[in-house]
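K.L.:
Below are the sequence and a predicted model for it; my questions follow.
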Amino acid sequence: MTDAREPLLQVRNLQLHYRTRRGTARAVDGVDLDVGRNEALVVLGESGSGKSSLAKALMRLLPRNLARFSGGVTLGGDDLMAMDDEHFRREVQWNRVSMVMQAAMNALNPVVRVGEQVAEPLRVHRGWSKDAAMERVVETFATVGVSRDFVTRYPFELSGGMRQRVVLAMALVTEPDLVILDEPTSALDVLTQASIMNVLKRIKREQGTSFILITHDVATSSELADRVALMYAGQIVEQSDARDFFHDPAHPYSKLLMDSVPRLHQSEPPGYIPGEPPDLIEPPTGCRFADRCPSRFGRCSEDPPAFELDGDRRVRCWLHEEGTDHDG
Amino acid sequence: MTAEEPLLQATNLHTWFELRQWGFLRVGSVRAVDGVNFELGRGESVAFVGESGCGKSSLARTLLGLHKPTHGDVIFEGEHLSELKGEARRQYLARVGYVQQDPFGALPPFMDVRRLLSEPLIIHGVTDRDERERRIRKVLEEVRLTQVDEILPKFPHMLSGGQQQRVVIARALLLEPAMLIADEPVSMLDASVRVEILNLLRRIQQERELTLAFITHDLSTVRHYADRIFVMYAGRVVEQAPVERLLDNPQHPYTCALLAAIADVDADNALEERAVPDGEPPSLLHPPEGCRFHPRCPQAMAGLCDRQDPPLFEPEAGHYSACWLQDPERG
Amino acid sequence: MNRWMQGLRELKGYPSAVGGLGIILFLVALSVYTVITIPYSEALDRWRGGEHWQMHPVNAGPVWADRLLGGNLPQTRVVESENAEVREAPFEGGKQVRIPLTFEYDNEGFPSELNLFLNQKGTQQEAFVRLTWHTPSGEAIPLGGQRVSEESRISISQNRALEGRLGMVPHVGLFAGDSDPADPEAERGEYRLTIDAMLFDPTAELEADLAVYGRVHGLAGTDYQRRDLMLALMWGTPVALAFGLLAAVGTTITTLVIAATGVWFRGWVDALIQRLTEVNMILPMLPILVMVGTLYSTSIWLMLGVVIALGIFSAGIKTYRAMLLPIREAPYIEAARAYGAGNARIILRYMIPRILPVLIPTFVTLIPTFVFLEASLAVLGLGDPQLPTWGKVLNDAQEQSALYNGFYYWVVAPAVLLMLTGLGFAMFGFALDRVFNPRLRTQ
Ligand SMILES: Nc1ncnc2c1ncn2[C@@H]1O[C@H](COP(=O)(O)OP(=O)(O)OP(=O)(O)O)[C@@H](O)[C@H]1O
Ligand SMILES: Nc1ncnc2c1ncn2[C@@H]1O[C@H](COP(=O)(O)OP(=O)(O)OP(=O)(O)O)[C@@H](O)[C@H]1O
Ligand code: SF4
Ligand code: SF4
Ligand SMILES: [Mg+2]
Ligand SMILES: [Mg+2]
């Protein structure tokens, strides 16, 4: 499934740091990623590990207190980092890459009809006429499972699940190559969650869209994932094929994480990862997971690079030093 | 369920909220809890499961005396909650602890931990400062906040989500309750600490022999933390059974749908779509006639399910289901 | 509390906070100093006017203002017989006394008034005095004679006969030398007033004080009753601060508690409070105060009471209500109910503290509005009849047409103090708002 993959998005050594009162917070600290065409990459990680920051860095939605933004990003061969902001906004944002922000369903403008809000990217970024845009909106609503009657409704008239679908429609309406979804279902019920995941699966199958799905919910992530990247304290500690990650995680953190996933039909209770993630302001030197790692050993006081393993895996852990040809 | 007298009984409990327009025009009633009956034994852990808006929190608040039931009553240790007044009511509140969903919101942001933990004790007449300090320290250790001296002077925003929820649990335990009601105690927490908090609750429940009623919409965790499960739909309990039986042999079509929607992690999940019932949970203002699940039920029987409300059947001992499919006389 | 300390530390970064706080601290220091050095009863007593001020000039401007403009107007001086070379010659049944009161005069312009205070001790008999004025150029001008009893004041300036002789008011004519009467100029040099007295009792003593009133006085000048305005300006500070603070505290606390009570209980309690507020909002505060002042009493404490009473159901209730409504539904309040907190406790300990940080800036900026209110009342003549306050000074100035008469200092000083108070609290309040109001916070 991943062999014939043609890279759509390539990210190399991406850095996004924030200025804060206490110092520089390194929310994204040297991230490498690849997303192929029609591939879904799931970014997992606990709260505060920098998942949303990574998404915002890719969309160039940078806050005012930016301290550093650097690295290499190419999309379909185009160097995005070389584009100026204006060019990026016109050519890339929404047109080729779109995003559903975390908690976006609560951020809909309460006084504008949802149809008009969904049409906005078309009208603003593409300059479409109102009628053409509305026609497209109705199509997109059908794709995500929202009845066309809802086009003229206001956000408060919709349930949470419907609002989330509307937000999803807004990201899809421009038919982008890549859609970034930041926690799209975490506030929703199981049934709604499952039906939204169904919608995503269908879009991926029928429209060949690529996804970056950000979540901390491993079980939900398995509904869409082709590949998994696990973030920890601003870095990606493991990047593997979904099958490998779910059934044979390589990084000690991945192992603990997979162990903590509750399973409906499992007789022993799930485990948990003791301790807390490190501060992003002055992250510890050496392996950032060392404090909580059960397999810690001497080497771990040095910062592990990402070792490349068989089957297109990258693992930032000294335990995997042997299985490597060269450092990443 | 248990031979001895139950700790808490809900009898035909209804909690309706009157919906008014312009402050006085009655539009109708939101039937958040609409005829719920159950008994909770001492030292039992039960889970209430259901979709958002099905009335789980309203039920919890009614049990806590925060909402007056519209009909029916809660009977706790033989006493009717609606008849408790003044001091007796306060005593009841001390006997039932409450853990809320949002740990940060549940803690007054302008009080430090020492202060906010002193509050329940002060309200319940523990005037001696040293006595309060002693009890606070004891309970903080019980919830595994062992660096007590570090925690006590902190304000809620200085604590991590997991620590905040531990403080909330500590507060609920301070007054030595007989029962804990936890409303989605981990849904706002990071996945990595959820299991820890659930383990903590389960451990305390067993050590203290508490009755624990916890509300969740995550069926995948309940197996290890509950003895019995109540599945709620549109203000009612539609299925009720010991945890294993319910998970392994669900009877009600709604429970089956819930279980089918849950993914056990597997890379193959991505390959096919899940069967999800159409539609949305019904309006509690105008619930559907007959079985409330019938508009979404794949097995709905025309002429029966849309006309007549199914009673609770007992297909096997201790396993109840409100669905005509389980009607022993049906065929 | 930690949160407050952090806020305070942050405040240091705002120049307006530092400036405003500086002004407020100055005013507070001034108040404390005033209250300690001039006790309340003494201040009231002095402000009533009269004898205490007899050595002060009428309507004199501040010294510094004159000097700043390069002027050299005279200040009041008192020449006392104690330091004079008194000559006595006894005769039968009495004695003759000559008291020369000498002083140096080298100011521009003329004194504003001349008074001689005589005090005969040790007898009931009236004495007879004759006064002669000696100018630096050696001219001797007889000022006439008169009988004096125990204590008496001879107002040389009011001597009509002398005025007729000199062709000018005496305190000008006596100092004018032989300059042009149409544009007189003060002659500089040593002046002497000789008092020749016949005392009809050998044991009697005569004391004489010559007051040569200046045209400038002290830091603040004097008013038409010779009172030093400094007293009112100084005492006005604690009065203004206390009134502003008490009124702000009184209205804020009561309003807050009532708003919280309404929000908490909802239903008819809330509705009643809302309606009362709406009625109260259309009642204008100032006219009501004027009515109370005219019909009843103008005591500052009564005014304070009325201000607070009217402020209870002020528009603030609406604002606080809007702030408290979402807090009512906060989970921590539900938690408090679930562990048995009563209504009063929830209102006072759980709802109100939540909005206090946001309220403090409003509170600080509220103080000067009440200071102004009190001043406005005083200006309208409804100030406390006894207390020296800024508004009272302005009221006097207005009644005496100070601006028309060119006594600008009389109006400017209290006005500046009022504005300074407003400015100080406003600057500090705005900075507090930036720190404590999350909506204005810049990350
Ligand atoms: N604009 C900002 N300024 C300063 N710090 C920030 C900013 N945005 C995020 N952070 C910090 O950066 C870190 C990473 O935040 P981010 O939102 O990317 O995490 P996340 O993985 O998405 O977490 P969550 O699961 O809670 O959404 C956090 O510690 C956060 O507090
Ligand atoms: N105080 C209230 N007044 C009016 N309606 C209410 C009130 N509280 C709850 N409701 C309504 O009652 C219904 C049930 O709400 P409840 O909070 O009990 O659901 P829930 O099962 O806890 O949902 P969730 O999983 O989202 O927490 C909802 O439709 C809600 O809007
Ligand atoms: S590098 Fe060392 S500390 Fe880090 S995850 Fe690997 S074994 Fe653990
Ligand atoms: S009663 Fe009928 S509609 Fe209801 S759950 Fe059973 S089969 Fe479905
Ligand atoms: Mg995020
Ligand atoms: Mg709820």
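P.N.:
Perfect, thanks for sending it. Ligands and ions are numbered 1, 2, ... in the order given.

K.L.:
got the buried residues for the helix or strand hosting B:Val74?
P.N.:
Element membership of B:Val74, judged by DSSP states H and E, is strand B:71-76. Within strand B:71-76, the residues that count as buried by 16 or more other C-beta atoms under 10 Å in any protein chain shown are B:Gly72, B:Asp73, B:Val74, B:Ile75, B:Phe76. No exception for glycine: its C-beta is placed from N, CA and C like everyone else's.

K.L.:
Pull the number of nearby residues for the residue of the stretch 101-250 of chain A found nearest ligand 2.
P.N.:
Residue nearest to ligand 2 within the stretch 101-250 of chain A (C-beta to the nearest ligand atom): A:Asp189, separated by 7.3 Å. Neighbour count for A:Asp189, taken as other C-beta atoms under 10 Å in any protein chain shown: 23.

K.L.:
who's in contact with it?
P.N.:
Applying C-beta atoms under 8 Å, 6 or more residues apart in numbering or on different chains, we find A:Asp189 in contact with A:Gly161, B:Glu51, B:Ser52, B:His217.

K.L.:
cool, C:Thr252 as well?
P.N.:
The contact partners of C:Thr252, by C-beta under 8 Å, 6+ apart, come to C:Gly316, C:Leu359, C:Thr362, C:Phe363, C:Leu366.

K.L.:
redo that, cut-off 7 Å
P.N.:
Going by C-beta atoms under 7 Å, 6 or more residues apart in numbering or on different chains, C:Thr252 touches C:Leu359, C:Phe363, C:Leu366.

K.L.:
hang on, it in a helix?
P.N.:
Yes. Assignment of C:Thr252 by DSSP: H, G, I helix; E, B strand; the rest coil places it within a helix.

K.L.:
That one and C:Ile23: what is the separation?
P.N.:
Distance of C:Thr252 to C:Ile23, given as C-beta to C-beta, to the nearest Å: 21 Å.

K.L.:
now do A:Ser267
P.N.:
The gap separating A:Ser267 from C:Ile23 is 73 Å, by C-beta to C-beta.

K.L.:
Among those two, which residue is more densely surrounded?
P.N.:
Higher neighbour count among A:Ser267 and C:Ile23: C:Ile23, with 19 against 8, using other C-beta under 10 Å.

K.L.:
Tell me where chain A is predicted with low confidence.
P.N.:
Across chain A, the ranges flagged by pLDDT under 70 are A:1-6, A:323-328.

K.L.:
Identify the residue nearest the geometric centre of it.
P.N.:
In chain A, the centroid-proximal residue (C-alpha atoms, centre = their mean) is A:Ile214; its distance is 3.3 Å.

K.L.:
if we can go back for a sec, so can I have JSON lines of the contacts of A:Asp189 showing secondary structure, neighbour count and distance to C:Met230?
P.N.:
JSON lines is the format used below for those (DSSP: H, G, I helix; E, B strand; the rest coil; neighbours: other C-beta atoms under 10 Å in any protein chain shown; distance: C-beta to C-beta, whole Å):
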{"residue": "A:Gly161", "secondary structure": "helix", "neighbour count": "24", "distance to C:Met230": "75"}
{"residue": "B:Glu51", "secondary structure": "coil", "neighbour count": "22", "distance to C:Met230": "77"}
{"residue": "B:Ser52", "secondary structure": "coil", "neighbour count": "18", "distance to C:Met230": "72"}
{"residue": "B:His217", "secondary structure": "coil", "neighbour count": "20", "distance to C:Met230": "75"}
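
K.L.:
of those, closest to B:Ile136?
P.N.:
B:His217 (32.4 Å; C-beta to C-beta).

K.L.:
Next up, the contacts around the residue of the stretch 101-250 of chain B found nearest ligand 1.
P.N.:
In the stretch 101-250 of chain B, the residue that lies nearest ligand 1 is B:Asp190 (7.1 Å; C-beta to the nearest ligand atom). Applying C-beta under 7 Å, 6+ apart, we find B:Asp190 in contact with A:Glu46, A:Ser47, A:His216, B:Gly161.

K.L.:
For chain C, give me its nearest residue in chain A.
P.N.:
Nearest residue of chain A to chain C: A:Asn65, at 5.9 Å (C-beta to the nearest C-beta).

K.L.:
What distance do you get for that residue to A:Tyr18?
P.N.:
The gap separating A:Asn65 from A:Tyr18 is 5 Å, by C-beta to C-beta.
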